[in-house]
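>>> With the input below, show me the fold.
(chains A and B)
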Amino acid sequence: MKNPIAHINKIFDHRIRLGIMSALMVNETVDYTVLKELLQVTDGNLASHIKTLESELFILVNKRFVGKKPNTSYQITVAGRRAFLQHLQALEQLINNSK
Amino acid sequence: MEDNSYLNQLKDIRSMMDRSTKFLSLSGLSGILAGVYAILGAICVNYIIESNPRKYIIIESNRFKAIIAVAFLVLFLSLLTAFILSKRKARKTGENLWNATAKRLVINFCVPLFTGGVFVVSLILQGHYGLIGAASLLFYGLALFNASKYTFDTIRSLGIAFIVLGLFALNVRGYSLIFWTIGFGALHILYGIIVYLKYERKLP
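So this is what the prediction gives:
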């Protein structure tokens, strides 16, 4: 990686999207309600960021019913994990370079 | 300025990974208080035993019932204190007490602990009184160790300390109450102080 900036992923350059990805990196699946509580954002806001990540194929959406209640959970994809790790590495390098 | 924002991004990632996998509303103070209850309970139990010159205890006797009552009272007060103080801490940090991480913590803690509870009751019913102290220390230690993945790392060390103490108690007969007091009393207090110094002093 000669130019770390090139590996900084614009998609992750937002606090909420970064938060969603971080939570999905360390949990097999995360429920919508859990994400909402962790990030403390409104439904509309969260939904739009989820849509962005979904359209990049970084996360998978599972919708199902638990009893009569609809339940939506999210899962990170292989591509999402790879992209996030690359982003992390780039961040690390940028910080090391500036020291 | 730029570098600072990258550093903040890394901090955000770290905090999100921790908060989404770990229950962080445990309070150090509840550990200290649980230790104090246990020591007071042990003093009561010692008094009950010493109050009668005949040192052995029969399962049907009132003294035995009194000891069991003290043990349950200590357990109940400790759980109640932990619940109230965790709730207060959760409110302070703006989180929900009963969230996904709390559920995982409780399940992973309760499975070994419940097994241990049934085991200890079976020991009592079959008359192996000498093993009760060691068994309760061991199972409690295993429960802590198992639950530690979902909360502060300090719980892991506390679990190991309980297991080591339980193994000692297993081989040194006749000092159950002393081992029990060291574990549920002193270790809890020590743990509470460490958690307080490590994680809570910085909170507003």
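
>>> quick check, the helix ranked longest in chain B touching chain A?
Secondary structure assigned by DSSP state H gives helix B:62-93 as the longest helix of chain B. No. Using C-beta under 8 Å from any C-beta of the partner chain, helix B:62-93 stays clear of chain A, coming no nearer than 11.3 Å. Where you see a C-beta, it was placed from the backbone N, CA and C, and this is true even at glycine.

>>> Can you give the distance of that helix from its chain's centre?
Centroid separation for helix B:62-93 versus its chain: 10 Å, with C-alpha atoms, centre = their mean, to the nearest Å.

>>> pLDDT (mean, whole number) over it?
Averaging pLDDT along helix B:62-93 yields 91.

>>> and if you look at stretch B:125-139?
Per-residue scores along stretch B:125-139 average to 91.

>>> what helices or strands is the helix or strand that the longest helix of chain B is followed by leaning on?
The first helix or strand that comes after helix B:62-93 along the chain, using DSSP states H and E, is helix B:100-125. Helix B:100-125 sits against helix B:2-21, helix B:132-147, with contacts defined as 3 or more C-beta pairs under 8 Å, 6 or more residues apart in numbering or on different chains; DSSP states H and E.

>>> tell me the angle helix B:100-125 makes with helix B:62-93.
Here helix B:100-125 runs at an angle of 170 degrees relative to helix B:62-93 (axes from the mean of the first three to the mean of the last three C-alpha atoms, to 10 degrees).

>>> Please point out which parts of helix B:100-125 sit buried.
B:100-102, B:104-105, B:108-109, B:112-113, B:116-117, B:119-120, B:123 (16 or more other C-beta atoms under 10 Å in any protein chain shown).

>>> Contact residues of chain B facing chain A?
So chain B meets chain A at B:3, B:6-7, B:9-10, B:12-14, B:16-17, B:19-21, B:94-96, B:99-100 (C-beta under 8 Å from any C-beta).

>>> mean pLDDT for the helices and strands packed on helix B:100-125: which is lowest?
Minimum mean pLDDT among these: helix B:2-21, a mean of 84.

>>> From the contact counts, what lies against the next helix or strand after that helix?
For helix B:2-21, the following helix or strand on the C-terminal side (DSSP H and E) is helix B:28-50. Using 3+ C-beta pairs under 8 Å, 6+ apart, the elements in contact with helix B:28-50 are helix B:62-93, helix B:176-180, helix B:188-195.

>>> any idea what sits nearest the one residue sitting closest to the centre of chain A, other than its immediate chain neighbours?
In chain A, the centroid-proximal residue (C-alpha atoms, centre = their mean) is A:M21; its distance is 2.2 Å. With C-beta to C-beta, 6 or more residues apart in numbering or on different chains as the criterion, A:M21 has its nearest non-adjacent residue at 5.1 Å, and that residue is A:F84.

>>> Next, the contact list for that neighbour, please.
By C-beta atoms under 8 Å, 6 or more residues apart in numbering or on different chains, A:F84 lies in contact with A:9, A:12, A:21, A:25, A:58, A:76.

>>> From these, pick the one nearest B:A34.
Each of the contacts of A:F84 was scored against B:A34 by C-beta to C-beta, and A:M25 proved nearest at 34.4 Å.
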